[in-house]
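Asks: I would like to see how this sequence folds:
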Amino acid sequence: MDLGTFGIYTFDFEHRPAARIRDSVQELEELGWGTLWVPELLGRDAFTHAGYLLSCTRRLTVVNGIARIWSREARRTHGAALLLADAYPGRHVLGLGFGGDPRPGVKPLAAMAAYLDELDTLQTPNPRPDRPVRRLLAAYGPKMQRLARDRADGAQTYHVNTAHTAQAREILGPEAFLAVEHAVLFESDPVRARTLAREHLHGYLGTPYNIAKFRRLGYTEDDLRDGGSDRFVDDLVFWGDPDTVVRKLHGHLDAGADHVAVQVIGVEPGASALPHWRVLADALLPARSPASRRTGPAARA
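Replies: Purely as a prediction, here's the structure:
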């Protein structure tokens with residue numbers, strides 16, 4: 001699976017009207033970004049969202065990061081993934097995850113395994129695409145990572161440290177694809193940077209599922225109280241000048257990741273992350289021609 005070394009992960013488009021999404025995603029493509037990751041969180045359907053982004057672009061790969069398995073029947077996921085693979089060959093990746101099932105007592109591993117079983121046995125009249133559906137699983141613990149290794153093209157992780165990336169690579173083995181999301185913040189003042197990072201991490205420190213994940217990453221009770229210790233915050237949000245941020249992002253590649261999906265945080269409400277994505281394009285992507293540097297209306301967003 002070739003998604004490039006770096007991609008963009010963003011919640012931005014959950015808040016924007018379609019016309020502004022189109023302008024932004026087209027500029028991302030012109031900047032040279034090859035892969036865009038979008039979550040399913042605030043109401044927009046994962047596959048409608050992915051289909052719109054694909055329709056607005058010509059080369060960009062869109063990854064559902066993630067489509068929640070409890071939001072739709074396996075049959076609906078199967079049909080949507082087949083259509084996107086047929087309509088946009090090689091440009092859609094089906095990212096699946098448990099995503100916090102609202103029903104108590106549901107076990108993520110068992111639920112995901114059963115969902116994959118149904119996906120793999122479905123017989124539908126939908127045309128088969130020339131290029132098969134590619135899928136990744138959101139996988140943090142060893143058992144889910146083994147499932148991703150055995151039943152998908154690989155794993156994607158979210159809000160983890162580089163030590164976790166090394167552990168995941170060992171479990172996945174050399175062949176399975178490993179994509180790692182990481183939050184970044186262009187702020188060099190330590191006090192302000194950590195304040196903004198704690199605001200971003202606050203919601204994740206309030207749910208038992210995420211607390212359990214952070215404990216597995218090696219953080220203590222002291223690390224996780226009062227908004228998170230400096231160690232915790234600095235590991236989960238890479239902040240500083242562009243050179244510092246880029247150097248830290250490469251730590252995931254050194255630890256075994258195939259791809260890093262970069263999530264810019266600290267953007268003012270109502271503002272766009274595009275200025276930061278431009279900086280990251282210059283720092284992370286292969287050399288681009290001057291023609292790839294857009295100067296139209298979207299570039300001024």
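
Asks: Quick one: end-to-end distance for stretch 67-74.
Replies: End-to-end distance of stretch 67-74: 11 Å, with C-alpha to C-alpha, to the nearest Å as the criterion.

Asks: mind listing what's buried in that stretch?
Replies: Buried residues in stretch 67-74, counted by 16 or more other C-beta atoms under 10 Å: 67, 68, 69, 72, 74. For glycine as for every other residue, the C-beta is placed from the backbone atoms N, C-alpha and C.

Asks: ok, which stretches of the chain are strands?
Replies: In the chain, the strands defined using DSSP state E lie at 6-9, 35-38, 61-64, 67-68, 92-97, 134-138, 154-157, 177-185, 237-239, 259-264.

Asks: could the ones you listed go into JSON lines alongside distance to residue 164?
Replies: Output for those, formatted as JSON lines (distance: least, C-beta to C-beta, whole Å):
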{"stretch": "strand 6-9", "distance to residue 164": "17"}
{"stretch": "strand 35-38", "distance to residue 164": "18"}
{"stretch": "strand 61-64", "distance to residue 164": "20"}
{"stretch": "strand 67-68", "distance to residue 164": "22"}
{"stretch": "strand 92-97", "distance to residue 164": "16"}
{"stretch": "strand 134-138", "distance to residue 164": "13"}
{"stretch": "strand 154-157", "distance to residue 164": "7"}
{"stretch": "strand 177-185", "distance to residue 164": "8"}
{"stretch": "strand 237-239", "distance to residue 164": "15"}
{"stretch": "strand 259-264", "distance to residue 164": "13"}
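
Asks: Using TSV, please lay out those together with distance to residue 192 and mean pLDDT.
Replies: TSV is the format used below for these (distance: least, C-beta to C-beta, whole Å; pLDDT from 0 to 100):
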stretch	distance to residue 192	mean pLDDT
strand 6-9	23	98
strand 35-38	27	98
strand 61-64	31	98
strand 67-68	34	97
strand 92-97	32	98
strand 134-138	31	98
strand 154-157	27	98
strand 177-185	9	98
strand 237-239	9	98
strand 259-264	16	98
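
Asks: just the buried residues of stretch 67-74 now: which is nearest residue 94?
Replies: Of all the buried residues of stretch 67-74, residue 67 has the smallest distance to residue 94: 6.9 Å, by C-beta to C-beta.

Asks: how far away is the nearest residue to the closest one once chain neighbours are set aside from residue 205?
Replies: Once flanking residues are discounted, residue 67 sits nearest to residue 46: 3.7 Å by C-beta to C-beta, 6 or more residues apart in numbering. Plainly put, residue 46 is 25 Å away from residue 205 if you go by C-beta to C-beta, to the nearest Å.

Asks: Those two: which is more packed in?
Replies: More neighbours surround residue 46 than the other of residue 46 and residue 205, with 23 against 16 (other C-beta atoms under 10 Å).

Asks: how close does that one sit to residue 160?
Replies: Taking C-beta to C-beta, one finds residue 46 at 22 Å from residue 160.

Asks: Can you list the low-confidence ranges for this structure?
Replies: Filtered on pLDDT under 70, the chain yields the residue ranges 101-102, 287-301.

Asks: can you give me the helices in it?
Replies: With helices called from DSSP state H, the chain shows them at 18-31, 46-55, 74-87, 108-121, 142-151, 162-172, 190-201, 208-216, 221-224, 230-236, 242-255, 274-284.

Asks: any idea how far residue 73 is from the residue located most distally from the centre of the chain?
Replies: Distance from the centre of the chain peaks at residue 125, with 31.2 Å (C-alpha atoms, centre = their mean). Noted for residue 125: a distance of 16 Å to residue 73, by C-beta to C-beta.

Asks: ok, now residue 99?
Replies: 15 Å.

Asks: cool, residue 8 as well?
Replies: Separation of residue 8 from residue 73 (C-beta to C-beta) stands at 30 Å.

Asks: Same question for residue 233.
Replies: To residue 73, residue 233 is 39 Å away according to C-beta to C-beta.

Asks: next one: residue 124
Replies: 12 Å.

Asks: what does stretch 155-163 contact?
Replies: With C-beta atoms under 8 Å, 6 or more residues apart in numbering as the test, stretch 155-163 has contacts from 63, 65-66, 95, 97, 136-140, 144-145, 148-149, 164-165, 168, 172, 176-181, 183, 201, 204, 210, 213, 217-218, 235-236, 251-252, 254-255, 261.

Asks: Same question for stretch 134-147.
Replies: Outside stretch 134-147, the residues touching it (C-beta under 8 Å, 6+ apart) are 1, 63, 65-66, 81, 85, 92-99, 108-109, 112-113, 116, 148, 151-158, 160, 164, 168, 171-172, 177, 179, 213, 216.

Asks: for it, which positions count as buried?
Replies: For stretch 134-147, burial by neighbour count (16+ other C-beta under 10 Å) applies to 134, 135, 136, 137, 138, 139, 140, 144, 145, 146, 147.
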